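Asks: Any chance you could fold what I've pasted below:
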Amino acid sequence: MQLSVIILNYNVRYFLEQCVLSVQEAIATLDAEIIVIDNNSSDDSCIMMKERFPNVKLIQNKENFGFPKGNNIGVKEAQGKYICILNPDTVVAEDTFTQILAFAEKQR
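Replies: Predicted structure coming up:
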């Protein structure tokens, strides 16, 4: 797998949905995965993820572990050669990851 996109969520359901939609479009032609880590949200973020994005790996924490530990949980699950950590209020352009991966490969 080429890329793992990790998104840490806490009570921003609407933003998370927009973020995942944009990431799905941007990785459509790549060997990539999306991992969403939810830090014990109370806004039905997990229900939305299960209903709208059943193919996205969802990790539901039983408590809010904060930013560093939450992201590290995702990193441990990641299968990609490269890892991209996104905040859930991010919307990416369709060519974002293609450009990032091309740049990263040139640096090797």
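Asks: ok, and what's touching the biggest helix by length in the chain?
Replies: When the chain is parsed with DSSP state H, its longest helix is helix 13-26. For helix 13-26, the surrounding residues in contact (C-beta atoms under 8 Å, 6 or more residues apart in numbering) are 5, 7, 9, 34, 36, 41, 43-45, 48-49, 52-53, 56, 86-98. The way it works is simple: take the backbone N, C-alpha and C, and place the C-beta from them, glycine included.
Asks: go again using 7 Å as the cut-off
Replies: 5, 7, 9, 34, 36, 43-45, 48, 52-53, 56, 86, 88-94, 96-97 (C-beta atoms under 7 Å, 6 or more residues apart in numbering).
Asks: Residue 53: how many residues sit nearby?
Replies: A count of neighbours around residue 53, defined by other C-beta atoms under 10 Å, yields 18.
Asks: got the contact list for it?
Replies: Contacts of residue 53 were listed using C-beta under 7 Å, 6+ apart, and they are residue 20.
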